[in-house]
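Sequence plus predicted model, see below.
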Number of protein chains: 2
Amino acid sequence: MGPQQPPGAWVDEELGGVRYGLAATVVEEHISPFQRITIIDSQTYGKGLLLDGCWMTAERQERHYHEPLVHPALCAAASIERVLVIGGGDGGTARECLRHPGVAHLDMVEIDGLVVELSRKHLPSLGGDAWSDPRFHLTVGDGIAWAASAPDASYDVVLVDGSDPAGPAEGLFNRSFFQHCRRLLRPGGVFATQSESPEAFRQVHIDTVQLLREVFGHADPLYGWVPMYPSGWWSWTFACPDGPRYREPLAERAAAVAPGCRIWSPRWQRGAFEAVPAFVERQLADAAAQP
Amino acid sequence: MGPQQPPGAWVDEELGGVRYGLAATVVEEHISPFQRITIIDSQTYGKGLLLDGCWMTAERQERHYHEPLVHPALCAAASIERVLVIGGGDGGTARECLRHPGVAHLDMVEIDGLVVELSRKHLPSLGGDAWSDPRFHLTVGDGIAWAASAPDASYDVVLVDGSDPAGPAEGLFNRSFFQHCRRLLRPGGVFATQSESPEAFRQVHIDTVQLLREVFGHADPLYGWVPMYPSGWWSWTFACPDGPRYREPLAERAAAVAPGCRIWSPRWQRGAFEAVPAFVERQLADAAAQP
C-alpha cells in the first residue's frame, strides 16, 4: 500500500517547473520490476493511474487519448483483421480497437503485468469487455522483442501505446524498433504511436515524426488534448509505407464507431491532422531539408 | 507588495479539483478596484500575470492565445482600417493586430488601468511597440459601456480579450453585449472573442457559441492550446453577419504576418476550425434544434 494522504490532498506530476495536479487520494502504490505504479481516486476525473509519478490515464479523461490513437488507424488500413498493440496495459486501446467488428485477432504485449492487474481491479471501464473478448490475446512481455521476432507481414495495424521515452518505454522511439514495425505490416497496413507533446517534449516530438517519415515513407502527426499530460497538448503520429491513407477514414468503418466516440469524428480527425502549429511545420521542413 | 515566497515555490490556479502550477516567485501583487493582480516570475515561461488567482498570460506562453484570437479575424474582414479591442490590458492582442499594416486606428478599452501599468512594467514584450504606435488609442474604462455607446458601423473588427465570465468580465458573455458588438460592425466586419475551454467550462463554451450564432447569424469556434488555462484546451469564437468569412484567410494579409507567428498559419487555422470534438458538435446540434 502506498502513502496515506488526507482527503483533498493533491497528486501532481511535475516536469520542468510546471505541474498538473488532481485533488485525489492514493488508493494503492506498488513498485513493480519496471516502475512505480500508483492508483489514485480523484474528485474530478475518477480513478487514475500514474507510472513513475507521471499521469497515464483516468476514468473520465481517457477517451481524449485512446480515440485519437485508435480510430484514424483502424478506419484506414486496407484490412483490420490482425491488430498488434504494444503497451496499453490499462486496456483502453484494446477496447477501442475491439469496437471495430472487422478486428478478428488482437495481440496486446504489455511489459508490466502489474499494470494490467491494477487496471482491471481499479479501472474496469478502461478495458471494458476487451478483457473477456475472444479476439483479445494478452501477452505479458517485452513488446520490442515481440516486434523483432514476429513474422513479416503478420499484422494489418500496429499501435504503440507506451509512456515517455525513458524507463521501459525508451526502446519504443528508435529506428530499429520502427523498422520492425514496418516489417510487420501487411500491404495497406497502418502504424500509429503516441508521439509526445509539441510543447513539453518538442524535440522528441519532431524527431519522432521525422524518423517515422524516414522509415515508413509517409508519416503525419495529429494534434489533440490530454489535459493531464504535460502541457495538455498531445500528439499521435500515423505512418504507412504506401501513402498517407490514414488521413481519410473509410466511411463505413467510421460510421460504425463514431456514435460511441466522445472526441473523435471524421471531421475532428481532418482538423487534428491540419492543426500543425507553425513552429512544428517549420522545424519539420528544416529536418527534411538536411542531408 | 505581495507575499514573499521561497525560490522554487509553486504558483497554482486551482479549479474544480484540478490545478496547473508554475515554479515561480511572486514579484508584485496588488488589489485594484476590480481584482487582485499578481505578477510572477517563473522558471519555465518567464514573467506572468494572474487576475484573482487565475492564469492570464506569461511571456513565453502568450502567443498560444493571442495569435489565434487575432489573425483569423484580421485576415478575413473586408477592411481592417478600424479595430476595437475590449480588454486585452497586457497588450498582446493589440501588438498582434498592429502587425497588420492595414490597421489605421485601434481602440483598446481596458477596465483596469493597473493591469496595463503592471504589464508595461513587467511584461514589456507582450505589448511590444504597440504602446507607442500612433495607431494605438488606449481608454481605461468599461468596454461594455463603450460598445453600447459607440456609433453604428464604426469598426471593421471587434475583438474581446477578457477573462472568465465572473467579476469584471461577466458582462462580456451576454446577448445585449453581443448585439451591440454586431451593431458596431461595418459591412464585411468580423467579431471574435475568447470562448473558454470545452473541457473545463463546457457549458459556458457551448452557450457562447450558440448565442453568437443567434446574434450574428454565423459563428464558429476554433480550438487550440493554452497550457496554463484550465485543461490547456481553449477556444475562440468568430462571428460575422454576412457569412463565415473568418474561415478562410485572405492570402496577402496572411502572408504578411505568418512568418512572424509561432502557432498560427492558414493551415493551422483550417485545422483548428475543423477540430470540433464530437461531444461539442452533438451539443451544438441539439442546441440549434431546440425551439
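Sure thing, it's come through. Residues are numbered from 1 along each chain as shown, chains lettered A, B, ... in the order given.

so does the helix or strand bottoming out on mean pLDDT in chain A get close to chain B?
Counting by mean pLDDT, DSSP states H and E, chain A has its least confident helix or strand at helix A:278-289, which shows a mean of 94. Yes: using Cβ under 8 Å from any Cβ of the partner chain, a contact is recorded between helix A:278-289 and chain B, made by A:Ala278, A:Phe279, A:Glu281. For every residue, glycine as well, the C-beta is placed using N, CA and C.

Pull out the buried residues from stretch A:116-124.
Neighbour counts over stretch A:116-124 (16 or more other Cβ atoms under 10 Å in any protein chain shown) mark A:Val116, A:Leu118, A:Ser119, A:His122, A:Leu123 as buried.

Roughly how far does the residue in the stretch 101-250 of chain A that chain B sits nearest to sit from A:Asp207?
At 2.2 Å from chain B, A:Gly232 is the closest residue in the stretch 101-250 of chain A, using Cβ to the nearest Cβ. Using Cβ to Cβ, to the nearest Å, we find A:Gly232 at a distance of 21 Å from A:Asp207.

between the two, who's got more neighbours?
A:Gly232 (28 against 18; other Cβ atoms under 10 Å in any protein chain shown).

which ones are touching that one?
A:Tyr20, A:Trp225, A:Val226, B:Trp225, B:Pro227, B:Ser231, B:Gly232, B:Trp233 (Cβ atoms under 8 Å, 6 or more residues apart in numbering or on different chains).

quick one, strands of chain A?
A:10-15, A:18-31, A:36-42, A:46-51, A:54-58, A:82-87, A:105-110, A:136-140, A:155-161, A:185-194, A:218-225, A:233-240 (DSSP state E).

The third one near chain B anywhere?
The one in question is strand A:36-42. Yes: Strand A:36-42 lies within reach of chain B by Cβ under 8 Å from any Cβ, at A:Ser42.

Alpha carbons of that strand, in PDB - could you do that?
Taking C-alpha atoms only, strand A:36-42 is exported to PDB below (Å, rounded to 0.1, in the frame of the first residue of the first chain):
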ATOM      1  CA  ARG A  36       6.300   2.600  -9.600                       C
ATOM      2  CA  ILE A  37       2.600   2.200 -10.200                       C
ATOM      3  CA  THR A  38       0.200   4.500  -8.400                       C
ATOM      4  CA  ILE A  39      -3.600   4.200  -8.400                       C
ATOM      5  CA  ILE A  40      -5.400   7.300  -7.300                       C
ATOM      6  CA  ASP A  41      -9.000   8.300  -6.800                       C
ATOM      7  CA  SER A  42      -9.700  11.900  -7.900                       C
END
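
what about the stretch 101-250 of chain A, any weak spots by pLDDT?
Nowhere does the stretch 101-250 of chain A drop to pLDDT under 70.

So A:Glu281 versus A:Pro221, what's the distance?
For A:Glu281, the distance to A:Pro221 - Cβ to Cβ - is 10 Å.

Looking at these two, which is more packed in?
A:Pro221 (22 against 13).

can you list the residues of the stretch 101-250 of chain A near chain B?
Residues of the stretch 101-250 of chain A lying near chain B (Cβ under 8 Å from any Cβ): A:Glu199, A:Ala200, A:Tyr223, A:Gly224, A:Trp225, A:Pro227, A:Ser231, A:Gly232, A:Trp233.

relative to strand A:218-225, how tilted is the least confident helix or strand of chain A?
160 degrees (axes from the mean of the first three to the mean of the last three Cα atoms, to 10 degrees).
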